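Enquirer: Turn this into a structure:
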Amino acid sequence: MSATAINATRPKTRPQPQFKSLLHMQAIVLLKLLWDQILSLEYAQITDILRSPSQVLFVAAEFGVVDLITELFQSYPDLIWRVDEHGRSIFHMAVIHRQEKIFRLIHDRGAHKDMIAAYRDKNNHCILHLAGKIATPNRLNIVSGAALQMQREMLWFKNVQPLYKEMRDSNGRTPRMLFTEEHAKLVKEGEKWMKSTASSCMLVATLITTMMFAAIFTVPGGNDNEKGTPIFLEATSFVIFAVSDALALFSSVTSILMFLSILTSRYAEEDFLRLLPQRLIVGLTTLFLSIAAMLVAFGATFCIVLSQRLAWIAVPVAFIACIPVTLFAFLQFPLHLDIVQSSYGVGIFA
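Expert: Below you'll find the predicted structure:
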């Protein structure tokens, strides 16, 4: 049962998309058939099967096989109270291995979760101590960048914290003390990652600010010697140039300020939860806007300069100008999406 059920619900190889749903359904049917056979046995036999050879319930919690655990709980609710040889329940295992689906499954069980959270393991660790320990590498690396990994760890600690009050383990450490000790290296790596990202982006934003500031004083087509106004002031392309230049300038300045605030942050543990990610979101968003507006201003200038002789060139220039913007969006979108999901609750604990 243990090896068969878990391997059935957690394939070793990645199936093709068109077969993934079918494979999942077949695994669930197999699981139900196996479990129905087990339920027909005596209580002592059921207990022996769940206890050996590798404690099916806890292995399933470790790997996040939520379908297996849901099926077991529905037909055998008493399993929620079981503990392993270290005195840890399935709830504790979900926290140790950062399995948010398993965590939510038991967290929704009302008063039961409070009673389970009160369990302590052999080291006198409560569930909050376990959340204070750093995640295993395979779970830590599901998000990119040390700063986002630190944010994810803080999210876990904050979500588990209401379940249990502060207490000390066998070494006299509170959960917060254990968290600080375990994540000291990750905080340093997160600071380094944030500063490196902010410095690189700030350099680009500074270059855009410089160019856009200079461009508004050297308008395309020049100025009227008598009036001092731009010659192409009435042209639609000039209006597009002026608006896009101003938008690029203001966006790049905003981006610089955001990245500067990241560089001068104190980098406390709490800063990785909301403050730093939100500043990075604003910085990346305004940087993207400034790049897009800069290329629009370039295209408008190109049309102004060549409108008399090469009017047809406006269309290909517009298409070519879209390439860098699309490339930047394509490269930065995964990072931007990760930050937004973690920062605004559409990620692990939604």
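
Enquirer: Poorly predicted segments of the stretch 1-150 of the chain, please.
Expert: Scanning the stretch 1-150 of the chain for pLDDT under 70 picks out 1-28, 30-32, 34-36, 38-39, 43, 45-54, 109-111.

Enquirer: give me phi/psi at Val83?
Expert: Main-chain torsions, Val83, degrees, to the nearest 10: phi -130, psi 160.

Enquirer: And the residue nearest to it when sequence neighbours are not counted, how close does it get to Leu247?
Expert: Nearest residue to Val83 in three dimensions, chain neighbours excluded: Ser89, at 5.2 Å (C-beta to C-beta, 6 or more residues apart in numbering). From N, CA and C alone the C-beta is placed, and that goes for glycine too. As for Ser89, its distance to Leu247 is 55 Å (criterion: C-beta to C-beta, to the nearest Å).

Enquirer: Which one's more surrounded, the two?
Expert: Neighbours per residue (other C-beta atoms under 10 Å) separate Ser89 from Leu247, with Ser89 holding more: 26 against 18.

Enquirer: My guess is that one contacts Arg82. True?
Expert: Yes. Between Ser89 and Arg82 there is a contact under C-beta atoms under 8 Å: 6.8 Å.

Enquirer: quick one: contacts for Leu287?
Expert: Applying C-beta atoms under 8 Å, 6 or more residues apart in numbering to Leu287 gives the contacts Cys201, Val204, Ala205, Ser251, Ser252, Ser255.

Enquirer: Export those to JSON lines and append columns for pLDDT, distance to Tyr76 and neighbour count.
Expert: What follows is the contacts of Leu287, written out as JSON lines (pLDDT from 0 to 100; distance: C-beta to C-beta, whole Å; neighbours: other C-beta atoms under 10 Å):
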{"residue": "Cys201", "pLDDT": "92", "distance to Tyr76": "53", "neighbour count": "21"}
{"residue": "Val204", "pLDDT": "93", "distance to Tyr76": "58", "neighbour count": "17"}
{"residue": "Ala205", "pLDDT": "95", "distance to Tyr76": "58", "neighbour count": "25"}
{"residue": "Ser251", "pLDDT": "95", "distance to Tyr76": "58", "neighbour count": "24"}
{"residue": "Ser252", "pLDDT": "95", "distance to Tyr76": "61", "neighbour count": "28"}
{"residue": "Ser255", "pLDDT": "96", "distance to Tyr76": "56", "neighbour count": "27"}
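
Enquirer: What about the residues you listed, which are in helices?
Expert: Secondary structure from DSSP state H places Cys201, Val204, Ala205, Ser251, Ser252, Ser255 of the contacts of Leu287 in helices.

Enquirer: Could you dump these into a markdown table and include distance to Ala235?
Expert: Output for these, formatted as a markdown table (distance: C-beta to C-beta, whole Å):
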| residue | distance to Ala235 |
| --- | --- |
| Cys201 | 34 |
| Val204 | 30 |
| Ala205 | 29 |
| Ser251 | 24 |
| Ser252 | 25 |
| Ser255 | 29 |
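
Enquirer: which among these gets closest to Trp193?
Expert: Nearest to Trp193 among these: Cys201, at 12.5 Å, using C-beta to C-beta.

Enquirer: wait, what's in contact with that closest one?
Expert: Contacts of Cys201 by C-beta under 8 Å, 6+ apart are Ser255, Phe259, Gly283, Leu284, Leu287.

Enquirer: Can you give me the distance of the first one to Thr285?
Expert: This means Ser255. Separation of Ser255 from Thr285 (C-beta to C-beta) stands at 8 Å.

Enquirer: ditto for the second one
Expert: Using C-beta to C-beta, we find Phe259 at a distance of 12 Å from Thr285.

Enquirer: which one of those two has more residues nearby?
Expert: Phe259 (29 against 17).

Enquirer: wait, doesn't the more buried one sit right on Leu284?
Expert: No. If you go by C-beta under 8 Å, Phe259 and Leu284 don't touch, sitting 9.3 Å apart.

Enquirer: how many other residues sit next to the closest residue to Leu335 other than its chain neighbours?
Expert: Sequence neighbours aside, Ser144 is the residue nearest to Leu335 in space, at 6.5 Å (criterion: C-beta to C-beta, 6+ apart). Using other C-beta under 10 Å, Ser144 has 13 neighbouring residues.

Enquirer: who's in contact with Ser144?
Expert: Here Ser144 is in contact with Pro334, Leu335, Asp338 (criterion: C-beta under 8 Å, 6+ apart).

Enquirer: Got the phi and psi for Ser89?
Expert: According to degrees, to the nearest 10, Ser89 has phi -80, psi 180.

Enquirer: And it, how far from Leu257?
Expert: Distance from Ser89 to Leu257, counting by C-beta to C-beta: 48 Å.

Enquirer: Measure how buried the closest residue to Gln278 other than its chain neighbours is and give me the count.
Expert: The shortest distance from Gln278 to any non-neighbouring residue, by C-beta to C-beta, 6+ apart, is to Ser343 (5.9 Å). By other C-beta under 10 Å, 20 other residues sit near Ser343.

Enquirer: For Ser343, give its distance to Ile240.
Expert: 34 Å.

Enquirer: In this structure Phe272 contacts Ala147, no?
Expert: Yes. Between Phe272 and Ala147 a contact is recorded at 6.1 Å, counting by C-beta under 8 Å.

Enquirer: And His183, its phi and psi?
Expert: Torsion angles, degrees, to the nearest 10, at His183: phi -110, psi 10.

Enquirer: For Thr197, see how far away it is.
Expert: 20 Å.
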